[in-house]
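Enquirer: Below are the sequence and a predicted model; questions follow.
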Amino acid sequence: MLKNYLKISFRNLIRFKTYSFINILGLAVGIACCLLIILYIHDELSYDSFNKNADRIYRINTDLKFGNSELHIPVVSDMMGQLIKEDYPQVENYTRIYTFDGPKLVKKGNEFNNEWKIAYVDSTFFKVFTFPVVSGNTDHVLNEPNTVVITESMAKKYFGTTDAYGKFIETNENGGTDYKVTAVIKDMPENSHFRFDFLFPMENLNYDWGNFVSSNFYTYLLLKPGTDYKKFEKNFVEYNDKYVFPYAKDHLQINSKEEFEKAGNKIENTLIPLTDIHLYSKRSQELSPTGNIEYVYIFAAVALFILLIACINFMNLTTARSANRAREVGIRKVLGTERKNLIVQFLLESTLLAFIAVVLAVIIVYNILPLFNHIAGKELQVNKLYSSPILFFLVLLPFIIGIIAGSYPAFFLSRFMPAHIIKGKLASGSKSKGFRSALVVFQFATSIILITGTIIIYNQLNYIQNKNLGYHKDQLIIINDTYNLHNIDAFKNEMLKVPGVMSGTISGFLPVPSARNFSAFFKELSMVSESGITMQRWKIDYDYIKTLGIKIKEGRNFSRDFGTDSSSIILNEAAVKQLGYKNPVGQKIYTWIKDDKIVAYDIIGVVKNFNYESLRQNIGPLCMILGRNYDNVTFKINAANTVSIINKAESIWESMVPGMTFSYKFMDESFDEVYKAERRVGIIALSFSALAIIVACLGLFGLATFLAEQKTKEIGIRKVLGASIPSILLMLCKEFIKWIIVANLIAFPVAYYFMNKWLQDFAYRINIDWWLFVFSGCIALVVALLTISFQAIKAATANPIKSLRYE
């Protein structure tokens, strides 16, 4: 019996080639899109879950409010982890990571390579985190100075083999320092919120230890099984009372916790689960760019919508075609076929089509995944499709779709009396017309939401790209790693002689991802917390403001003509506002430096606000002092001379530091890197929106074909009676136009709600204009009309004699 069912199913599949092709292709594309998004979401949700004790590892965060400034950072003092473990038995272990020492120069042959993926960690690092060992043993590593753990890719790079245990790498520290490799680990996974190539022991870190108010260490706690981390983090109040405030009283003139908090200030520590860091943390100074749980929700919704669109197509076309098979049902029932056999036949046919579509979808994913990885910036693997949840979904999906799509012909048509069907008393598709209309409306409403969302994302990114940032990001070239130069001023001066180089500045503090330094400043010498704020303190030179094109609002720039400028300071507008100055120029401002020495600065100028962080954030207070940070040298150049300037810069570099790698970047490219995630979301959204429209139009094409077939006789009669081709076209299209208009009315408020919520993440954002919705609706309407016009014109121009003879 099953053999006969399958034989009939394949015959019908071949007999109705157009319907079968549209059904299978539309469903396959929809399922393929869904699978790609599932792989993406699975990767995002799997961050850090590879660690054996991932469910018990937590990072300590800091939230500080001082004056009118707030800091939300993922780092704490060097002492906190150790003391928390000593004082609270719920802590099984802890480890710290320090990354603010910059890159290291590692020697390979006669050249030194800059290695940026380095960290100083505790010897307990591998007792908290899980990274497989390739060579050596991690049980007792990093407990001695001048040792190092490296990844297998670095072992191959420097030694040509992964068996590097016991070998030495040379760095440029102190004129040359050798580190013994005590273990080689596998490269840290892509789905880790940190990825390092070199792990050095804390004993080699030159740091001002024991400072309870300086937060520079990423600190992780491994809690004992059964510990409620939300209850445990309440202990941080006791920790701050016991250690932080007594230290602050002795060193920072904060008399008491009560006085500190009465002034509206606060210091709090919280825990975040390790597996939540990637998607839920929005703190500055993260170890790697984080994801966004909202994007996971958005993509999950997109996957669901596209799958629903594809399934609706499948069901629409299946129910539409089933009406043409009503006479077949009647004849088979006259010949003695039982109703249950008809039900099985229809369900098997739709399930077979769905199964073929799933197989085709997997083939599509296999072929398109490399392109998707490139767009999404991922390294997704097809073998993830065979993980238990996804494989279960793939196996179950054709049965679910097949049963739902085949339910109308199976249960509705099979219950009619054969005499009524054969006599034509069953109106073709009339019972399912309303249902099909509702499904088409849902399809296009979903497509319009995706189109509108994509347009808004692109408009926001375009706004970011073209917004006046308060500085010039174009035609600025940044030379990296200039701390390697023995005479950085000589390099700058040589570059200023190159044709096309207009100006240059020595500073690692730039309005793109670069060096950062928070400090507390006070209006009054008493330095009470009520008169203080925390703000960025940047070290710049005399040419910084001119080179970056930052505008001075009041006062003046630093000048070599004023010998007192070494004790002068320039504020931005945000700092002036938070400090409450009406006439800031000429006022004094106070801060601490090393050994708690108080320093006074004279305010000589105020610059207009410029966006030195992401446009997701409001511009915070910032000050600039004369000083040196040797990380970068930035030059303003003439774009026409770019190639020759780069070649000359490399030549000067090699003459000054032979054997050192020359590296540069453009500031506008660094700026773009900040919004890489949004651009990827935009591209992915655009791609899936286009596919959603294509899938919806495939279904619309099939329905238009079905409708034209159903009205063949009517069209013939109308033409004989004198109806014009335009009137027939209008008759065939008006129903679809009505559906699209209804879809627009449903889609507009939904799209507005979700996209307005997405835009709230940006401090600087576009307005959602009404024309965006009209434009999206018009796109959907035009695409729909183009889709159905082919069949409509074909039906309207057909010979009426053939039309009347059709049935």
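Expert: Noted; the coordinates are in hand. Residues are numbered from 1 along each chain as shown.

Enquirer: for this structure, what helix or strand is lowest in average pLDDT?
Expert: In the chain, the helix or strand scored least confidently by mean pLDDT, DSSP states H and E is helix 418-422, which has a mean of 59.

Enquirer: C-terminal to that helix, what's the next element?
Expert: Next along the chain after helix 418-422, taking DSSP states H and E as the criterion, comes helix 430-466.

Enquirer: counting contacts, what elements does that following helix pack onto?
Expert: Packing partners of helix 430-466 (3 or more Cβ pairs under 8 Å, 6 or more residues apart in numbering; DSSP states H and E): helix 293-324, helix 676-710, helix 725-759, helix 770-796. C-beta coordinates here come from the backbone N, C-alpha and C atoms, glycine included.

Enquirer: Show the average pLDDT along the third one.
Expert: It refers to helix 725-759. On average, the pLDDT along helix 725-759 is 84.

Enquirer: Then the shortest one?
Expert: The average of the pLDDT scores along helix 770-796 is 79.

Enquirer: Likewise for stretch 466-478?
Expert: Averaged over stretch 466-478, pLDDT sits at 89.

Enquirer: before we move on, what about stretch 365-377?
Expert: pLDDT averaged over stretch 365-377 gives 88.

Enquirer: Identify each buried residue in it, please.
Expert: 365, 369, 372, 373, 376 (16 or more other Cβ atoms under 10 Å).

Enquirer: Show me which of those residues is closest to residue 254.
Expert: When the buried residues of stretch 365-377 are ranked by distance to residue 254 (Cβ to Cβ), residue 376 comes first, at 47.5 Å.

Enquirer: Surely that closest one and residue 684 touch.
Expert: Yes. Using Cβ atoms under 8 Å, residue 376 is in contact with residue 684, at 6.2 Å.

Enquirer: which non-adjacent residue is nearest residue 224?
Expert: Nearest non-adjacent residue to residue 224, counting by Cβ to Cβ, 6 or more residues apart in numbering: residue 92, 4.8 Å away.

Enquirer: now do residue 476
Expert: residue 667 (3.9 Å).

Enquirer: List the contacts of that neighbour.
Expert: When contacts are counted by Cβ atoms under 8 Å, 6 or more residues apart in numbering, residue 667 touches 473, 474, 476, 477, 478, 510, 512, 634.

Enquirer: can we see that at 10 Å?
Expert: With contacts defined as Cβ atoms under 10 Å, 6 or more residues apart in numbering, the neighbours of residue 667 are 471-478, 510-512, 514, 548, 634, 636.

Enquirer: Please apply the same query to residue 141.
Expert: With contacts defined as Cβ under 10 Å, 6+ apart, residue 141 is in contact with 121, 123, 125-126, 133, 147-149, 181-183, 185, 199, 201.

Enquirer: Mind putting those residues into a markdown table with pLDDT?
Expert: Below are the contacts of residue 141 laid out as a markdown table (pLDDT from 0 to 100):
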| residue | pLDDT |
| --- | --- |
| 121 | 96 |
| 123 | 94 |
| 125 | 96 |
| 126 | 95 |
| 133 | 93 |
| 147 | 95 |
| 148 | 95 |
| 149 | 96 |
| 181 | 95 |
| 182 | 94 |
| 183 | 95 |
| 185 | 95 |
| 199 | 96 |
| 201 | 96 |
